[in-house]
Each structure stands twice: as structure tokens, then as C-alpha cells.
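Asker: no FASTA, just this:
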């Protein structure tokens, strides 16, 4: 991932929430091997989202923080100049797009990952289900809190319905010499920035996609070496495990739809073990994969499952 991203890594181990997993279970060699491909997918989506940030809004946010810094130094002239810049930039945005509700200013990624195998995840899900049946809601909540393996691409935006008015209310306070009140008002304004989970990328799905792609390339070779045969088998085996993890964690469509792709992977495993090669071996797998994951319904549901939009509440710090 690019260094320019403000990436917040929050790798949550499923084992953190249960005594059953005292030590994180390591990722497989194939999972590590496809990580650069997964990173490229994420980077592409981040770049796409970053293009949507608005230069005027970025400047308005920076000048808001400059105004606050100036007030800390009792420099009211500089603070007022900065606020004038904020007002001007926001007026320009609204003049161009009066219907715009939020002006994007920043993009960040947040990573949640599960360092556990499917057996451990199943145990934790069973334990959570048992806890819920017995009214132990908080225990279930803690068990389920780490059940996510995904990258969130979050967009921070200025709310245009309230931010400009709030900024306009600060200047009179400065004119009246109410510096502490002006600083508090600016902190409150910065706390109204809105963070939305604009993209959700399920990691088991992207890992399985990358593994199946490499396996397909290897399967097309008629002169595969012994090492390539081993890698092909390992890629198929790990792709199935990643799909099983995706199913357990609730990524994709209905659970019954996973049966087809498991059967198709098993069939291809048998064919390549017997030495078969060529194009078309993965056609059914590819079709099933797209049916499971590559449609808007999945993404929209995933986004809805996360906090869609919420103020940062951090005062811009």
C-alpha cells in the first residue's frame, strides 16, 4: 500500500475474544504469495476514491485548522484571514454544485483481519450462538466483534449544510474578543466532519480471486513442472479455504450458493492431478465466483452493515 495513505491498521484477532485462541494462527504461504495482488486491488480503489476529493474543500479544512492554530497564538488577524479563506472556498463549491451535500477531503483505509483458521472461526461462532441463546449478549458481542476480514476505504467529508454557517458564526466571537469561545466553536465545527465507509473489500474474497487466477494460468500450461503442479494444487486448496472463510464470515450471497463452487474446485483439482491442461477448465468456477461476489447487492449490503456516515467527533485532531 502506498505510504501516502493514512492507513489505520486494526488487525483484530479472533482469538482476542476467546480463550480458545491464545496465539494468532499464521497466514498460509499462498495467502502471503497473493498479498501483493490484493494490495494492488486496494490501491486502485483508493486512488479512484482519492480522485473524488475536492481541492477547495481540502483547502477549507486546512484553513479551519490554521485559524484554530492562530487563535492558540492569540493572532486574531491571521485567524480571521484563514476563516475568510474557508468561507470563500466553500462558497465556490456551493456555487458550482448547489445540490452537493458533502465535500470529500480525505480518504483512509482501515484493515480488519482474522488470524484464525475456519475451524477456530466455527468454534467461535458456535460459542457466540450458544451465548445468545442463554442471554449472554455481551459475551456474544465480544466473540463476534473480531469476525471481520476486510479493508474499509473511508471518505471524510465536509457537511455543506452546516459547516459554512458554523464557520460564519466564529468571526463575530473573535471580533468581540471571545477567543476561548471562538476556539471551542472551531473545535466543534471540526468535529462535524463526516466519515463514510465508501468501499468494503472482503479479504478472503480477494485472496481467493487472486489464487484462482494464478491457478487458472498454471492449469493452462501443458508442460507444467513438478513444482508448478504443487503450487497449482496449493493455490486451489487455499482458494477453497478462503471461500470457506468468506462463507463463515457472511461475505457473498446465500450459503447454499457456495456448494457449487466447492464442487467445481474439487472437479478441477481432479483434472489437473491427472495431468489435464488447457483453457476453459475454470469457466464454471469463474461464473460461480462472479455470481457469489461480483454484483452490487453484496457491496451495498456490506456497506450498510458498517456505519454508513458518522461525524468524526474528534475535533479534527
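Answerer: Here it is on my side, so go on. Predicted, not measured: the structure shown is a model, and the values here were computed from it. Residues are numbered from 1 along each chain as shown.

Asker: going forward, measure contacts and count neighbours with C-alpha atoms only.
Answerer: OK.

Asker: Output the below-cut-off pLDDT ranges for the stretch 1-150 of the chain.
Answerer: Counting by pLDDT under 70, the stretch 1-150 of the chain contains low-confidence ranges at 1-23.

Asker: Going along the chain, name the helices of it.
Answerer: For the stretch 1-150 of the chain, applying DSSP state H, counting those that start in this stretch gives helices covering 29-50, 55-72, 76-96, 118-133, 137-144.

Asker: how much does the second one deviate in direction from helix 76-96?
Answerer: Read it as helix 55-72. Between helix 55-72 and helix 76-96, the angle formed by their directions is 160 degrees, by axes from the mean of the first three to the mean of the last three CA atoms, to 10 degrees.

Asker: quick one: contacts of helix 55-72?
Answerer: Defining contact as CA atoms under 8 Å, 6 or more residues apart in numbering, one finds that helix 55-72 is touched by 76, 78-83, 85-87, 89-90, 92-93, 103-106, 158, 179, 183, 186-187, 190, 316.

Asker: Quick one: neighbours of residue 95, just the number.
Answerer: For residue 95, the tally of surrounding residues (other CA atoms under 10 Å) stands at 11.

Asker: ok, back up a step: mind giving me the PyMOL command for buried ones among the contacts of helix 55-72?
Answerer: For selection in PyMOL, the members of the contacts of helix 55-72 meeting the burial criterion (16 or more other CA atoms under 10 Å) are listed in this command:
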select buried, resi 76+78+79+80+82+83+85+86+87+89+90+93+103+104+105+106+158+179+183+186+187+190+316
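
Asker: So the nearest residue to residue 104 once chain neighbours are set aside versus residue 106, what's the distance?
Answerer: Leaving out its chain neighbours, the residue that sits closest to residue 104 by CA to CA, 6 or more residues apart in numbering is residue 157, at 4.0 Å. When distances are taken as CA to CA, to the nearest Å, residue 157 and residue 106 turn out to be 7 Å apart.

Asker: same check, this time on residue 244
Answerer: Distance of residue 244 to residue 106, given as CA to CA: 34 Å.

Asker: Deepest-packed of the helices of the stretch 1-150 of the chain, please.
Answerer: The highest mean neighbour count among the helices of the stretch 1-150 of the chain belongs to helix 55-72 (a mean of 20), with neighbours defined as mean count of other CA atoms under 10 Å.

Asker: Good, we can wrap up now.
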